[in-house]
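Novice: next come a sequence and a model predicted from it.
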Amino acid sequence: MKYGQVVVGPAEVNKDHGGSTRTVGGNQYLILPAGYIGSCFYGMFFILMAYLSKWTLLISTVFLCFLLLLVLVVYAKNMFLRFLCLLFLSITISIWVLCEYYKDKVYYWPLIIIMTFIGVLNEMYSIVDIFEDLITRSTPDSDSYKYAKLTKCSSKLCGVLWLLINFFFIILTIYLIGAIQVKNFDTELYHKVGIQIKK
């Protein structure tokens, strides 16, 4: 598989480490932590898009469905992964349709809950994955071990640094959600006060 100048070899998964992928070319400083940090970043993206506005919620839902379809059609090689993709896809689309049908009563809260769940799942999984793969154990094929060879430092230190970056994303997510909710509350209060003054 080729992405620009990066050649990605076959992935190997076994009981000793989560997975091993061989790459040739590209910027290894960006490639090696991309899976762990990228998962947390996607989590932050889905959570924030769910709370910004109705349109960002719908755009992120379309994007999630596109990703699930892509994995289902192109990358899913076993029945379990296909089942998971179909399950999440059917749940997301069904809830979206129900939200459109009952939007006067429930608005889009069920869809917001689904997107928040997906986002939190991504963020929490990246934390657990880093802790298990990079801190509690280290194999010569792990990303942190290869990153340590590039940076001339301990592989566990690389794992801890990536963990701290992910914690930063999680704290930033919580802060931004709080800021969004406060802004929405202030806007609603302003409109209510404005209506009362007019009366």
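Specialist: Nice, I can see it.

Novice: by mean pLDDT, which helix or strand of this protein comes out lowest?
Specialist: Lowest mean confidence among the helices and strands of the chain (mean pLDDT, DSSP states H and E): strand 2-3, at a mean of 40.

Novice: quick one, strands of this structure?
Specialist: 2-3, 6-12, 20-24 (DSSP state E).

Novice: which one of those strands has the poorest average confidence?
Specialist: Lowest mean pLDDT within the strands of the chain: strand 2-3, a mean of 40.

Novice: would you state the helices of this protein in chain order?
Specialist: Taking DSSP state H, the helices of the chain run over residues 28-31, 34-52, 54-70, 79-101, 103-106, 109-130, 143-151, 155-198.

Novice: could you dump those into JSON lines and include mean neighbour count and mean pLDDT?
Specialist: From N, CA and C alone the C-beta is placed, and that goes for glycine too. Conversion of the helices of the chain to JSON lines gives the following (neighbours: other CB atoms under 10 Å; pLDDT from 0 to 100):
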{"stretch": "helix 28-31", "mean neighbour count": "13", "mean pLDDT": "80"}
{"stretch": "helix 34-52", "mean neighbour count": "20", "mean pLDDT": "89"}
{"stretch": "helix 54-70", "mean neighbour count": "16", "mean pLDDT": "93"}
{"stretch": "helix 79-101", "mean neighbour count": "14", "mean pLDDT": "91"}
{"stretch": "helix 103-106", "mean neighbour count": "10", "mean pLDDT": "73"}
{"stretch": "helix 109-130", "mean neighbour count": "18", "mean pLDDT": "90"}
{"stretch": "helix 143-151", "mean neighbour count": "19", "mean pLDDT": "77"}
{"stretch": "helix 155-198", "mean neighbour count": "14", "mean pLDDT": "76"}
